[in-house]
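Undergrad: Quick one, structure for this:
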Amino acid sequence: MTVRLTQYAHGGGCACKIPPGELEQMVRGLADTTPAGDDLLVGLDTGDDAAVVRIENGRALVLTTDFFTPVVDDPYDWGRIAAANALSDVYAMGGQPVVAVNLLGWPRETLPFDLAAEVLRGGMSVASEAGCYLAGGHSIDDPEPKYGLAVTGIADPDKLLRNDNGKPGQPLTLTKPLGIGVLNSRHKATGEVFPEAIAAMTQLNRDAARAAVHAGIRCATDVTGFGLLGHLFKLANASGTTAIVDSTAVPYLEPARAALRDGYVSGGTRRNLQWVSPHTDLSAVSEDEALLLADAQTSGGLLLAGELPGMPVIGELVPRGSHAIVVR
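TA: Coordinates of the predicted model:
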């Protein structure tokens, strides 16, 4: 019997994140309770992708965790996707992952453990590709399957990619196409498999991050559950700028528009658009185009304030105006 893992979860991948507006309310004020000190380089203040702490010998630790419910039915691919997504937070800070531990929730009386073993094997495969040790972890008996990693990496504290370091005049580069969210929604509903979506989600952001650091770029984030508009809103807000987006330059996976046309839009995507709409001028695009720009990605690419050769430039940062984002 074929087991469809996506049918054992209410959501899937990064689309099952707590909505960004609710999350902001939840963590409001927590920054005031953290110990003071100059060595915490990145904390809660701007909602960046990972925490960064300065250590000795001119290095910094980068720490993050990420886990989610099944985004695809194949357990090995789900493990690969979840691991690549968790490692991405370290790359989004300009770091290199060093060691990770597994986080696994499993319905032990519902799903066989050989499927869980395949999930873990997928995570190990991607960690190995990244040159990151994967050792041990923690598991619980959970009604919904969940998997991810807690990751520790290292970075040069003077070369961090931060979401609050954007400057007017910088171009905006996106390193992976959008459309993963609508394709994952279609997969969950129909069982159709989209190899291009799996390839995008399992692609490490390592090379793009290294190229960005080498090019002198110092502002970035990765595009995951809050969609391009949501993560760009956080970057523009943190940097005190307005982001101009050229909607015609944004790349998409080929089947994405058909999935949107057929109605495969997650609740997470609609909540993303609702959250950013008061801060975004969307008058130049249709609602469908806005939904794609807010599409909840899983293991998406890097969004960089700077240009990388061969990567699409989708807009620019300008001095702060009446909106955080203007879509043209």
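Undergrad: which residues in the stretch 201-328 of the chain form helices?
TA: 206-214, 227-239, 256-261, 267-276, 287-293 (DSSP state H, counting those that start in this stretch).
Undergrad: right, so of those, which gets closest to Gly43?
TA: Taking Cβ to Cβ, helix 227-239 is the member of the helices of the stretch 201-328 of the chain nearest to Gly43, at 12.5 Å. For every residue, glycine as well, the C-beta is placed using N, CA and C.
Undergrad: who's in contact with Leu61?
TA: By Cβ atoms under 8 Å, 6 or more residues apart in numbering, the residues touching Leu61 are 52-53, 55, 152-154.
Undergrad: least trustworthy helix or strand in this structure by mean pLDDT?
TA: helix 20-27 (a mean of 69; mean pLDDT, DSSP states H and E).
Undergrad: C-terminal to that one, which secondary structure element comes first?
TA: Where DSSP states H and E defines the elements, the next helix or strand beyond helix 20-27 is strand 40-42.
Undergrad: helices or strands up against that next one?
TA: strand 51-55 (3 or more Cβ pairs under 8 Å, 6 or more residues apart in numbering; DSSP states H and E).
Undergrad: Give me the sheet partners of the helix or strand following the strand it packs on and which way each runs.
TA: Following strand 51-55 in sequence order, the next helix or strand is strand 59-68 (DSSP H and E). Strand 59-68 has its sheet partners listed here by DSSP bridges as strand 51-55 (antiparallel), strand 146-155 (antiparallel).
Undergrad: Now do strand 59-68: distance to the chain's middle.
TA: 13 Å (Cα atoms, centre = their mean, to the nearest Å).
Undergrad: can you check stretch 312-328 too?
TA: On Cα atoms, centre = their mean, the centre of stretch 312-328 falls 20 Å from that of its chain.
Undergrad: How about stretch 246-259?
TA: Relative to its chain's centre, stretch 246-259 lies at 18 Å (Cα atoms, centre = their mean).
Undergrad: related to what we said a few turns ago, now the contacts of Leu61 in JSON lines, with pLDDT and distance to Gln274?
TA: Below are these laid out as JSON lines (pLDDT from 0 to 100; distance: Cβ to Cβ, whole Å):
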{"residue": "Val52", "pLDDT": "97", "distance to Gln274": "31"}
{"residue": "Val53", "pLDDT": "97", "distance to Gln274": "35"}
{"residue": "Ile55", "pLDDT": "95", "distance to Gln274": "41"}
{"residue": "Thr152", "pLDDT": "98", "distance to Gln274": "35"}
{"residue": "Gly153", "pLDDT": "98", "distance to Gln274": "33"}
{"residue": "Ile154", "pLDDT": "98", "distance to Gln274": "38"}
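Undergrad: Just the buried ones from the residues you listed?
TA: 52-53, 152-154 (16 or more other Cβ atoms under 10 Å).
Undergrad: Low-confidence ranges, this structure, go.
TA: Residues of the chain meeting the criterion pLDDT under 70: 1, 12-21, 23-26, 28-37.
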